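[1] Return a 3D structure for these sequence lines:
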Amino acid sequence: MSRHLVFEIGAEEIPSGPLYDAQVQLAELAASALDQAGLAYADISVLGSPRRVTLYVTDLAERQHDRTLRVKGPAARAAFDADGNPTKAAEGFARSRGVSVDSLERAEEAGGEYVYAVIEHVGRDTVEVLPEILGQLVEGIQWPKSMRWGSGNTRFSRPVRWMLALFGGEVVAVEFAGVTADRLTYGHRFLAPGAVELPVAEEYALAMERGMVMVDPEERARFIREGIDAAAVQHDARPVVPEKTFAEVVNLVESPSVAVGRFDNAFLDVPREVLETAMESHQRYFPLEGADGDLLAAFVVVHNGDPARTDTIINGHQRVIRARLADAAFFYQEDLVHPLEDSVGKLSGIVFQEKLGTLGAKVERIEALAVSLGGLVQADADDLAYARRAAHLSKADLVSHVVVEFPSLQGVMGRYYALASGEAPGVAEAIVQHYQPRFAGDVLPASLAGMLVSAADKLDSIVGIFAIGQPPTGSADPYALRRGAIGILAMIIEGGLPLTLNAAISAAIDGYRDVLPKMNADEVGEQVKAFIVGRLEGLMRDRGFAYDTVDAVLAVAGDDPADAIDRADALTAARAHERTIDDVSVAFTRARNLSQPDLGTAADERIMGPEEITLAQALDGAEGVVDEAMAARDYDAVLEQLAALRPPIDAFFDNVLVMDQDLKLRENRLRLLNRFVAVFERFADFSKLAG
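    Model prediction:
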């Protein structure tokens with residue numbers, strides 16, 4: 001026999017993002033709790049709306065399974081004496097498990113004999129165990145921010161106002177935050193504010209319909225999406241629907257209605273990004289655009305009010321957006337009064353970091369570093385000039401009225417203001433691009449100038465924060481240094497920015513020598529490189545490279561991220577052909593185990609035997625081929641050449657006593673092995689391969 005279970009936690013309006021997370025948590029917690037309790041069920045679903053989180057379990061068993069547990073105890077020789085009498089160890093074990101000593105069983109396991117307690121657990125009725133389970137579930141939900149209310153100490157995202165808990169038609173007596181569950185739920189705050197009584201759990205969906213609540217978030221999302229599309233079609237338009245904004249809107253309404261509002265055409269003279277930010281981020285509206293892709297003076301509203309009052313509600317939204325857009329237009333026009341250059345000086349009044357100076361000082365470092373990086377990558381004169389100028393203006397829009405009001409538009413507004421000030425398009429584009437990539441998977445700067453300024457900005461922050469001893473710890477990364485390092489790597493690997501880490505980090509450190517005169521430059525450089533290579537290691541593993549392939553390559557090529565990827569690709573392909581990689585690995589390992597790098601590689605061929613000469617001559621040919629292939633980054637050819645050294649090294653070991661008593665011979669042979677190992681280590685450290 002089975003029944004359905006519904007458990008609804010009713011609260012004041014829960015923020016959208018945490019509500020999504022709570023639904024995922026509750027599903028996972030419930031599945032784990034029911035499984036551990038031995039309660040069978042058909043399906044678990046979690047529903048939710050701004051005022052409720054609901055667990056719904058179908059066909060939940062009426063009682064727990066009866067279970068027999070065999071608990072392992074001490075070794076039999078410790079549990080019983082020579083005469084077979086139980087010792088204190090046996091008695092203590094039996095007592096701890098609630099069984100008699102006489103009931104203990106003996107059994108062989110892993111070459112030894114142990115005692116076992118056989119414990120019979122008789123299942124309890126589900127209604128007896130549910131109060132504890134449900135209470136633990138609601139307490140187990142973790143919120144990014146929680147609150148206390150009244151005089152209690154219980155914490156939840158928002159004050160809990162009611163709980164509904166029914167197992168079939170029976171109320172489950174669960175308590176939380178001073179609220180005791182019953183069979184009552186509550187409908188939409190305005191459309192059906194009264195209590196709705198449930199006779200049985202199976203009628204929960206009907207109760208929500210009566211309460212004017214669309215409680216299934218997937219159904220709500222589908223309804224809203226269709227409503228937005230239909231509204232756009234009616235106005236011969238296309239909706240602009242950012243997924244983040246859409247997801248938030250889904251959890252802001254319980255009974256959604258979709259309608260279209262309008263604003264004055266004059267506001268279309270304001271940059272599109274400003275209008276979209278005002279509508280989406282601030283008001284959760286969805287802009288409409290025409291067939292030509294230009295914004296229209298219209299927007300879609302998803303509201304939670306009475307559909308019969310939609311016209312009144314839309315009028316209210318239009319008044320709100322008119323005021324907000326009027327402010328935005330005013331700010332934009334005010335910013336255009338002065339050229340962007342005038343704002344650069346204001347950055348000296350803004351602190352970047354207490355120990356690292358002002359934002360103005362940071363801009364000076366970025367400008368110098370962008371030029372240095374440009375030299376490292378051999379940028380042409382135009383790109384270098386664009387990068388220098390873009391770096392100089394890169395943060396100037398931070399003091400503009402629009403960016404102060406809409407911080408997410410930093411860089412975007414810098415481009416508009418640069419163009420309005422007569423700057424070259426290459427400079428304007430590099431200003432907005434220098435914030436890219438903002439996150440994993442984001443677009444990379446499209447121009448070399450943009451990449452140079454972006455890399456300079458990120459490197460300056462990483463080096464500076466490490467230099468003052470405040471690197472990221474655990475999950476704390478207030479300056480987003482991990483994201484910055486990943487962005488630099490993305491530009492090098494995917495964007496084709498030909499930077500090496502040592503040179504780039506050294507250039508960034510130079511910018512801090514006057515700011516931090518007591519800085520240990522070598523130590524900071526090592527720490528920063530290790531930090532960035534750590535991100536590179538994670539990136540390579542995310543791409544599917546084996547951990548030991550990554551270790552082997554980074555031990556040699558960590559300075560050049562793009563090169564490290566190429567080497568890992570070649571090594572991975574070689575490992576798929578077992579014979580090739582076996583030849584390489586075995587040859588290297590045999591030589592590496594005896595090599596002594598401190599002796600050098602200059603072996604004297606005049607005192608060599610035949611096998612030694614053969615190996616030396618093989619190395620003469622291999623070194624030239626490897627050098628050419630390495631220069632061309634033809635790593636398949638490198639690995640083929642290394643594999644070809646297997647026969648001469650095997651012959652060497654089969655016929656030559658390396659550790660000869662004659663010191664001169666022994667050291668000469670070790671130098672030959674050192675030379676052999678050095679050829680391999682130009683590509684990777686093969687000793688790190690697991691086999």
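
[2] Please save the CA atoms from the host helix or strand of residue 627 in PDB.
    Assessed by DSSP states H and E, residue 627 sits inside helix 610-631. The C-alpha coordinates for helix 610-631 follow below in PDB (Å, rounded to 0.1, in the frame of the first residue of the first chain):
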ATOM      1  CA  PRO A 610      80.700   0.100 -30.100                       C
ATOM      2  CA  GLU A 611      77.200   0.300 -28.400                       C
ATOM      3  CA  GLU A 612      78.100   3.700 -26.900                       C
ATOM      4  CA  ILE A 613      79.200   5.000 -30.200                       C
ATOM      5  CA  THR A 614      76.100   3.700 -31.900                       C
ATOM      6  CA  LEU A 615      73.900   5.500 -29.200                       C
ATOM      7  CA  ALA A 616      76.000   8.700 -29.500                       C
ATOM      8  CA  GLN A 617      75.600   8.700 -33.300                       C
ATOM      9  CA  ALA A 618      71.800   8.100 -33.000                       C
ATOM     10  CA  LEU A 619      71.600  11.100 -30.700                       C
ATOM     11  CA  ASP A 620      73.600  13.200 -33.200                       C
ATOM     12  CA  GLY A 621      70.900  12.500 -35.800                       C
ATOM     13  CA  ALA A 622      68.000  12.700 -33.400                       C
ATOM     14  CA  GLU A 623      68.900  16.000 -31.800                       C
ATOM     15  CA  GLY A 624      68.900  17.800 -35.200                       C
ATOM     16  CA  VAL A 625      65.600  16.300 -36.200                       C
ATOM     17  CA  VAL A 626      64.000  17.000 -32.800                       C
ATOM     18  CA  ASP A 627      65.300  20.600 -32.900                       C
ATOM     19  CA  GLU A 628      63.700  21.200 -36.300                       C
ATOM     20  CA  ALA A 629      60.400  19.500 -35.300                       C
ATOM     21  CA  MET A 630      60.300  21.400 -32.000                       C
ATOM     22  CA  ALA A 631      60.800  24.700 -33.800                       C
END
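
[3] list the helices and strands the helix or strand that comes right after that helix packs on?
    Downstream of helix 610-631, the next assigned helix or strand under DSSP H and E is helix 635-643. With contacts defined as 3 or more CB pairs under 8 Å, 6 or more residues apart in numbering; DSSP states H and E, the packing partners of helix 635-643 are helix 561-576, helix 578-594, helix 610-631. Glycine gets a C-beta too; all of them are placed from N, C-alpha and C.

[4] Can you list the buried residues in the following helix or strand past helix 635-643?
    Using DSSP H and E, the helix or strand that follows helix 635-643 in sequence is helix 646-655. Residues 646, 648-653 are the ones in helix 646-655 that count as buried (16 or more other CB atoms under 10 Å).

[5] need those residues in a markdown table with pLDDT, can you?
    A markdown table is the format used below for the buried residues of helix 646-655 (pLDDT from 0 to 100):
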| residue | pLDDT |
| --- | --- |
| 646 | 89 |
| 648 | 91 |
| 649 | 88 |
| 650 | 87 |
| 651 | 91 |
| 652 | 90 |
| 653 | 88 |
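
[6] quick revisit: can you say which of the helices and strands packed on helix 635-643 is nearest to residue 140?
    Shortest distance between residue 140 and those, using CB to CB, is found for helix 561-576: 41.7 Å.

[7] Could you say which of the helices and strands packed on helix 635-643 is packed most deeply?
    Ranked by mean neighbour count, those are led by helix 561-576 with a mean of 20 (mean count of other CB atoms under 10 Å).

[8] could I get that helix in CSV with only the CA atoms?
    Written as CSV, here are the backbone C-alpha positions of helix 561-576 (Å, rounded to 0.1, in the frame of the first residue of the first chain):
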residue,chain,number,x,y,z
PRO,A,561,50.2,27.7,-22.4
ALA,A,562,49.4,27.3,-26.1
ASP,A,563,52.4,25.1,-26.7
ALA,A,564,51.5,23.0,-23.7
ILE,A,565,48.1,22.3,-25.3
ASP,A,566,49.8,21.3,-28.5
ARG,A,567,52.2,18.9,-26.7
ALA,A,568,49.4,17.4,-24.7
ASP,A,569,47.4,16.7,-27.9
ALA,A,570,50.4,15.0,-29.5
LEU,A,571,51.2,13.0,-26.4
THR,A,572,47.5,11.9,-26.0
ALA,A,573,47.5,10.7,-29.6
ALA,A,574,50.8,8.8,-29.1
ARG,A,575,49.4,7.1,-26.0
ALA,A,576,46.6,5.8,-28.1
